[in-house]
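Enquirer: Would you be able to build a 3D model of this:
(chains A and B)
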Amino acid sequence: MFEKSLYDLIRGLRTHKGTEKEYIADSIKECRKEIRTNDMDLKSTALMKLTYLEMFGHDMSWASFNVLEVMSSPKYRHKRTAYLAAVQSFRRDTEVLMLAENQLKKDVTSPTPTVISLPLGAIPHVINPSMANSLLSDLLPRLTHSHPSIRKKTVGTLYRLALVYPETLRPAWPKIKERLQDVNEDPSVTAAIVNVVCELGWRRPQDFLPLAPRLFDLLVEGNNNWMAIKLIKLFATLTPLEPRLIKKLLPPLTKIIRETSAMSLLYECINGIIQGGILEAVEGTADGEEVAKLCVGKLRGMMVIEGDANLKYVALLAFEKIVRSHPHLVSQQQDVILECIDDPDISIRMRALDLVVGMVNSENLTAIIGRLMRQLRNAPIASSADTPSNDRGRLTGVTPYAESDDSDAEESLRPHEQRSNHAPPLPEDYRINVIRRTLEMCSRDTYANITDFEWYIDVLIQLVRVTPSTKSTSAVDYDEDTEHTDDIGRSIGRELQNVAVRVKSVRSEAVDAAQSLVLVDRRDQMFPSSGNGGQGVLEYAGWLVGEYSNYLSSPEGIMNSLMHPLSLQLSSRTLAVYLQAVPKVFASMSGNEQISWTPERKSLMTLLMARIIHFLEPLSSHPSLEVQERSVEYLELMRLAAEAASGTAPGNENEGFTDPPLLLTQAIPALFSGAELNPVAPGAQRKVPMPEDLDLDTPINPNLRMLLANAELESFQTDEDDVYAAYSEPIASYTSNNESAPAISASERLDAPNKEPTSYQNAVEEEYLDPDIIARRKAERRERNKDDPFYIDPEGDRGSGTVTPLGQIVREGNVGNVDSDIDNIPIMDLDLANRGGDEIMRVRSPRSPRRSAARRVEIIGDETLGPGDMDSAREDIVVPKLDRGKGKKSLLDVDSSGLASLSLNDDGDVPGRKMTQLDIERKEQEEAEMKKALLEVERLRLEMQRASERLEARGEQTVVRKKKKKARKVEVEDDSADAGAGNGIMEADNEGEASSPAKKKKKKKVKPADGQGAPEDKDKDKEEGEVDTPKKKKKKKRRVVLDDQVPSVQ
Amino acid sequence: MINAVLVFNNAGQPRLTKFYTQLDTSVQQRLISEIFTLVANRPNSACNFLPLPPLLASSSKSSTPTTPHNDTPSLVTYRHYATLYFIIISTSTESPLALLDLIQVFVQALDGLFENVCELDLIFNFETLHATLGELIVGGVVVETQLDKVVEGVKAQGRVAKRPVNEGKGGLSLAGFGRGDGVWAGR
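Expert: Numbers count the residues shown, from 1 in each chain, chains lettered A, B, ... in the order given. You can find the predicted model right below:
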């Protein structure tokens, strides 16, 4: 015999460095052989080895039947191995689960505690509803097992049973409650029950209110910190339902906060006070102030004094929970929270980021964004090469490598925390998250927090440069573009577009920004140096340069960039936008009718059109349909225009003004100008009322068929002429310029708060904006303020920085210099005509001492009809869509939603249990089923009676067992049917299982809680009960009828 | 509740995997490697809470912040002891700081059982490792937090084997095995 033990296997793995794969394959082959033998020891060893290898990802599902075989071994050692194997390898679809049921039942009822523990630990992993139904009856008695360790594990097991099969709680909950109420119960069991109650509690807190007194006692008297934490968590869900609890809870909670030495308990106390709404409840009272101060003070202490990263993290978690309800409390701690944004630990940063999004306002926005931008700018963009190479799962199949460093493995675990000390690089998803949050903060409530839109545009430009690259680089695959709808570059672009459309006063700046993004020769400068990050922004920049082409400073340059060969490599979506932009820019270049149609002008235009045609031609066979369609359309238009241009004779220099072709000056521009584009709320279209006289049924022209037939007959040539004629006609009704559009009724006037700490902002800006952006900003600022007597030009050469021109003159005058430059007197420089009077007034008004950027910014809101819900509207436009994974359940998710519909507190007057139509129907159905079942039971009872007369005790046993299964089912249905039954009945019902039917009947009528049939000798009683089940069923039927009347009587 | 307990070493090799939800083996392995990637890059000073790994994060994003509790795992807590990482994935009903203590209890219990526990003990006695966890957590619910009771519960299940120290000394060519006991005692 040569069999490997687990030791041998592990040792073998460690010696076969480099050839583990073969070694494992061999070992599994051996195991296959060993597991088929009849030697239980061998089987069990093989199973053990397979379980070990399963940990490394080697499938052992094929051995599931063998698992059962070993499970049935009488030896504890074998059982233990098999149960472990079952837990680790059984999956939802494991077929032998049905067979396992009997073995589980058998082991649960074993007399040996250690054997009972095995199924108790395994059942939660393998349970399904039908199994839960049948195992329940065997598990329930374990709640009163003499060993506390069995009792506490049973509680945990029953909880998982309830998750898959909520009906479990009907019989189990009264028993668990009884355990909880028992003052003499083992503290471990009580703690375990509290844990389970806490898990159940948040689903249906109202059911647990009656327990509050006992739970309160446990909180005050029990000195178990673990349990106290859970109790506080539970109370936090109860207090919203029972405000009186708050008064009672407050003293012990504050006492714990003041006295406890356990930081976790302290934290959970604060958390409980926050989550339970206690802060709100006591607000305004002296007590409340004290509590709030205490909590926030302690949280602050966690962040500052301790210097413990974990405390910092949880304190941020707690702040996040109160930021919505108590923003003022959180904003007091702004200093420490903002520090956390720059914490070296990514986890803490993420928390802080989530938190600041909630606490941002117009005052701190620039500071917060500044911090974030600095982070993004200063950390290099991680390339794909930076991802950790030790990502085992992705690179190779999973194999347990031989230990390369046994010395490490021998190291005692006690010496804590020995880690490498290098700081992590900024991960990509964090980077994207920061950008996303930045956009979210800035765009909140239609830019309510932004005072300076030029700053915002610069921020957006800077964001493009720090955008990490996206995975997809190919230009062709149009389909997968839909998957990247939340590409961060596009989100930035969307913002730029949004600002340009909504805020007219900075439209030219926004278009400038878009222009600089689109220009090919500036691309290196504007985008991240490596990767294709931020390319998504081009889609929106392309739209902007087209739509607002009259703002462009160099349309020629833009034209060149749009038609640059590099454009062909862009995604088809962007390319389509570019195609639309080309004729728009062309229209603005050629559409000027003031320029005489000279030979130079003609050749310039002809050349331009030839280039456009040259660019469009190959694209008319582009794989993307959108690109193809647009290029074909504009190609035809351009050919037409070229024809028109060549057909119009140019005038000579000396002949004076010659009209350019109308197609160029009127027709093409008219295609793109027209009504001003305004942001429209997503739901607005739906709110447009249907005109009453709208008739969609009557054909407009009764001769439609004829017309269509005629149209087909018409020659192409005449068709073209018609089109030409249409284009040549002058169109006067359209406004040619966007700027002259009338004011929008839906526009929303926002007075920017007069706050912009210029000097402070300057200092911050330099740290997060690139030098070229800063230089431009400075120049702009100087330009804007050059007439402002109060503006101190930092680079001005008029003496020291603090001397104003006026002061300088005075000073010079004092010195005695009579030749002082009169021009320096600032009043002379004021040119009122060039500035809005309104603005000057504002600058000088005492109400706004800070003069810079105190401009009124008009932000156009969404156009809609009637009251629109702005929230959803804004979300749709600005916030990148996050709900892609919606509906998908998380991997480790344990669904407990079934519990929500099950009331534990079955009093007839619980409002939540009002019967719906569905309930009634179900009840009727169940009753019908029960009638059928009762007949069956009756039949079986007779059969059994006959059998018991005929057979010996042993034979009887088997019959009973079989019957019991059926009867059980009936009982459960019965329970669910009488939803109106009282709690007392529930208890009685379960005790009844162990009592005689006669007693049962009596109890039902009287509803006594003192339990006439105290369950003393469980096993014996149970047997009795089993035999009696049929009779009991019959009685139950009567009870149902009785209960039906109860609610109506009450 | 607790969704999973994982133990792996500094190289990402699993030493204990326990999922309280049934998951495909391949998905388990992916999750382990994702968490390992997250955890391995963390500096000493960092806190013991991880951002959600991509496998878990995708769905949790969609959950609205208005529901404070749900069944979705939202907390990944870890602790690093010498060569091993201990990880607990849990929902928001668990207290983050208490989970850190729970890991501590787990390790202390192992230490009590093996006397100066080290990774090798856990490799060779992975059944005991599971048994210890089984005393602490049943079906994702913490059932015991008292150190002595956990140790007692495991011992009741049978003798706890020691690591095969002598085999290493007995001339078997196991790399790095032949080191004296004194090394293990060194903390």
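
Enquirer: roughly how far apart are A:Ser89 and chain B?
Expert: 8 Å (Cβ to the nearest Cβ, to the nearest Å). (Each C-beta comes from the backbone N, C-alpha and C, glycine too.)

Enquirer: need the contact list for that residue.
Expert: A:Ser89 sits next to A:50-51, A:54, A:60-61, A:63-64, A:67 when contact means Cβ atoms under 8 Å, 6 or more residues apart in numbering or on different chains.

Enquirer: What subset of those is buried?
Expert: A:50-51, A:54, A:60, A:63-64, A:67 (16 or more other Cβ atoms under 10 Å in any protein chain shown).

Enquirer: quick check, nearest of these to A:Glu633?
Expert: A:Glu54 (61.3 Å; Cβ to Cβ).

Enquirer: How about that closest one, nearest residue that isn't a chain neighbour?
Expert: A:Met60 (4.8 Å; Cβ to Cβ, 6 or more residues apart in numbering or on different chains).

Enquirer: looking at it, that neighbour is touching A:Met48, isn't it?
Expert: No. Assessed by Cβ atoms under 8 Å, A:Met60 is found out of contact with A:Met48, at 11.0 Å.

Enquirer: Tell me where chain B has helices.
Expert: With DSSP state H as the criterion, chain B has helices at B:25-40, B:54-60, B:96-114, B:119-124, B:126-136, B:147-156, B:165-169, B:181-185.

Enquirer: CSV please, covering the ones you listed and showing mean neighbour count and distance to A:Tyr159.
Expert: As requested, these are exported to CSV (neighbours: other Cβ atoms under 10 Å in any protein chain shown; distance: least, Cβ to Cβ, whole Å):
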stretch, mean neighbour count, distance to A:Tyr159
helix B:25-40, 21, 23
helix B:54-60, 17, 22
helix B:96-114, 21, 17
helix B:119-124, 23, 28
helix B:126-136, 23, 15
helix B:147-156, 18, 19
helix B:165-169, 15, 41
helix B:181-185, 12, 39
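
Enquirer: residue ranges with poor pLDDT in the stretch 801-950 of chain A?
Expert: Within the stretch 801-950 of chain A, the segments meeting pLDDT under 70 span A:801-857, A:864-898, A:900-923, A:948-950.

Enquirer: if we can go back for a sec, adding mean pLDDT and distance to A:Leu376, write the helices of chain B out as TSV.
Expert: Listed next are these as TSV, based on pLDDT from 0 to 100; distance: least, Cβ to Cβ, whole Å:
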stretch	mean pLDDT	distance to A:Leu376
helix B:25-40	90	21
helix B:54-60	68	21
helix B:96-114	91	28
helix B:119-124	86	40
helix B:126-136	91	42
helix B:147-156	90	46
helix B:165-169	41	52
helix B:181-185	28	47
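
Enquirer: quick check, A:Glu69 in a strand?
Expert: No. Under DSSP: H, G, I helix; E, B strand; the rest coil, A:Glu69 falls outside any strand and is assigned helix.

Enquirer: Check whether stretch B:35-49 comes near chain A.
Expert: Yes. Stretch B:35-49 reaches chain A (Cβ under 8 Å from any Cβ of the partner chain) through B:36-37, B:40-49.

Enquirer: Is it possible to mark the buried ones in these?
Expert: Of these, these count as buried by 16+ other Cβ under 10 Å: B:36-37, B:40-42, B:46-49.

Enquirer: Turn these into TSV, including distance to A:Pro650.
Expert: Output for these, formatted as TSV (distance: Cβ to Cβ, whole Å):
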residue	distance to A:Pro650
B:Phe36	74
B:Thr37	69
B:Ala40	73
B:Asn41	69
B:Arg42	73
B:Ala46	74
B:Cys47	75
B:Asn48	79
B:Phe49	75
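
Enquirer: list the contacts for A:Thr648?
Expert: A:597, A:602, A:660-661.

Enquirer: what about it, distance to chain B?
Expert: In terms of Cβ to the nearest Cβ, A:Thr648 sits 60 Å off from chain B.

Enquirer: about what we covered before: in CSV: the helices of chain B, plus distance to B:Gln13.
Expert: Below are those laid out as CSV (distance: least, Cβ to Cβ, whole Å):
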stretch, distance to B:Gln13
helix B:25-40, 9
helix B:54-60, 19
helix B:96-114, 18
helix B:119-124, 9
helix B:126-136, 12
helix B:147-156, 24
helix B:165-169, 19
helix B:181-185, 20
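
Enquirer: Identify whichever of these lies nearest to A:Thr157.
Expert: helix B:126-136 (11.5 Å).

Enquirer: elements contacting the closest one?
Expert: In terms of contacts (3 or more Cβ pairs under 8 Å, 6 or more residues apart in numbering or on different chains; DSSP states H and E), helix B:126-136 is packed against helix A:76-89, strand B:14-19, helix B:96-114, helix B:147-156.

Enquirer: returning to what we had before: overlap in contacts, A:Met60 and A:Met48.
Expert: Counting by Cβ under 8 Å, 6+ apart, the residues touching both A:Met60 and A:Met48 are A:Ala85.

Enquirer: circling back to that earlier point, quick check: the farthest pair among the contacts of A:Thr648?
Expert: Greatest spacing in those, by Cβ to Cβ: A:Lys602 and A:Pro661 (9.3 Å).

Enquirer: more crowded one of these two?
Expert: A:Pro661 (23 against 19; other Cβ atoms under 10 Å in any protein chain shown).

Enquirer: Could I get the phi/psi values of that one?
Expert: Main-chain torsions, A:Pro661, degrees, to the nearest 10: phi -60, psi 140.

Enquirer: Chain B contacts on the stretch 201-350 of chain A?
Expert: A:202, A:224, A:226, A:229-230, A:233, A:237, A:263-264, A:267-268, A:271, A:275, A:308-310, A:312-314, A:317, A:321, A:344-348, A:350.

Enquirer: at 6 Å instead, please
Expert: The stretch 201-350 of chain A comes close to chain B at residues A:202, A:226, A:229, A:264, A:267-268, A:309-310, A:313-314, A:345, A:347-348, A:350, as judged by Cβ under 6 Å from any Cβ of the partner chain.

Enquirer: Pairing partners for B:Val76 in the sheet, please.
Expert: Beta-bridge partners recorded for B:Val76 (DSSP bridges): B:Leu50, B:Ile89.

Enquirer: Let me know the distance separating it from A:Glu320.
Expert: 17 Å (Cβ to Cβ, to the nearest Å).

Enquirer: Which residue, other than its chain neighbours, is closest to A:Pro243?
Expert: A:Ala281 (6.3 Å).

Enquirer: shaky segments in the stretch 451-600 of chain A?
Expert: In the stretch 451-600 of chain A (pLDDT under 70), the answer is A:470-486, A:529-532.
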